[in-house]
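Trainee: Give me coordinates for this.
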Amino acid sequence: MTAVSHYELDKSISRFTVRATAGGLLAAMGHNPTIAIRDFTGTVDFDPADPTKASLRLEIRADSLEVTDDVSSKDKREIETTMHQKVLASASNPKIIFQTTKVAAEPVDEGRFRVTMTGNLSLRGVTRSQNLTTQITLQHQILRASGQFSILQSDFGIAPVTVAGGMLKLKDELKFNYDLVARAD
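Mentor: This is a model prediction of the structure:
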């Protein structure tokens, strides 16, 4: 019988980004910002003999999100200020949390699994169910999870940012990409 292994996320070698897309009449002139999630912690419990018992708890520091695109420092400051003050309300909602509630999994190959996690995503004081389909690879004492998912800002009570009298606005959907690396402890 294989025991459940406990892993800690290593943010120094993990990648986690958010992509917003401009919409509206001036969308061609707009910016589609890519935002890096810089400060997060998390734990994963995983048993390759029974991957349906997997669990993930991920905690993101909301004020750690940072624009990574090559834009002027003025534009970067403006985007980040709007994101932290209006969109995330980081001062009053400092944490974004995901906790699994249900897992479905299937082996793909030796040490590789396709895992669908359902969990609670808490963002800006609102908690919603969120599905993540993840490719998990186990190698020695390392667990790597990669995938992508989308959320609608409106599901969390966030009005998409609008400028120029509504001629340029960010679309409601945000797309997340992740390649998370965790080490067995």
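Trainee: What ranges does the protein have for its helices?
Mentor: 73-82 (DSSP state H).
Trainee: Name every strand pairing with the lengthiest strand in it and say which way it goes.
Mentor: Counting by DSSP state E, the longest strand found in the chain is strand 168-184. Paired with strand 168-184 in the same sheet, following DSSP bridges, are strand 5-9 (antiparallel), strand 15-23 (antiparallel), strand 142-152 (antiparallel), strand 162-163 (antiparallel).
Trainee: can you put these in TSV and add mean pLDDT?
Mentor: Below are these laid out as TSV (pLDDT from 0 to 100):
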stretch	mean pLDDT
strand 5-9	96
strand 15-23	87
strand 142-152	96
strand 162-163	62
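Trainee: which stretch among these comes nearest residue 55?
Mentor: Checking the strands paired with strand 168-184 against residue 55 by C-beta to C-beta gives strand 5-9 as the closest, at 9.8 Å. Quick note: C-beta positions are derived from backbone N, CA and C, even for glycine.
Trainee: Check which residues of the closest one are buried.
Mentor: Within strand 5-9, the residues scored as buried using 16 or more other C-beta atoms under 10 Å are 5, 7, 9.
Trainee: and what of stretch 132-149?
Mentor: Within stretch 132-149, judged by 16+ other C-beta under 10 Å, the buried ones are 132, 134, 136, 138, 143-145, 147, 149.
Trainee: Name the pair among those residues with the greatest separation in space.
Mentor: 138 and 149 (21.4 Å).
Trainee: export the strands paired with strand 168-184 to a markdown table and tack on distance to residue 114?
Mentor: Formatted as a markdown table, these follow (distance: least, C-beta to C-beta, whole Å):
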| stretch | distance to residue 114 |
| --- | --- |
| strand 5-9 | 18 |
| strand 15-23 | 20 |
| strand 142-152 | 9 |
| strand 162-163 | 38 |
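Trainee: and the closest residue to residue 146 other than its chain neighbours, how many residues sit next to it?
Mentor: In space, and not counting its chain neighbours, residue 146 is closest to residue 179: 4.4 Å by C-beta to C-beta, 6 or more residues apart in numbering. Residues contacting residue 179 under the criterion other C-beta atoms under 10 Å number 15.
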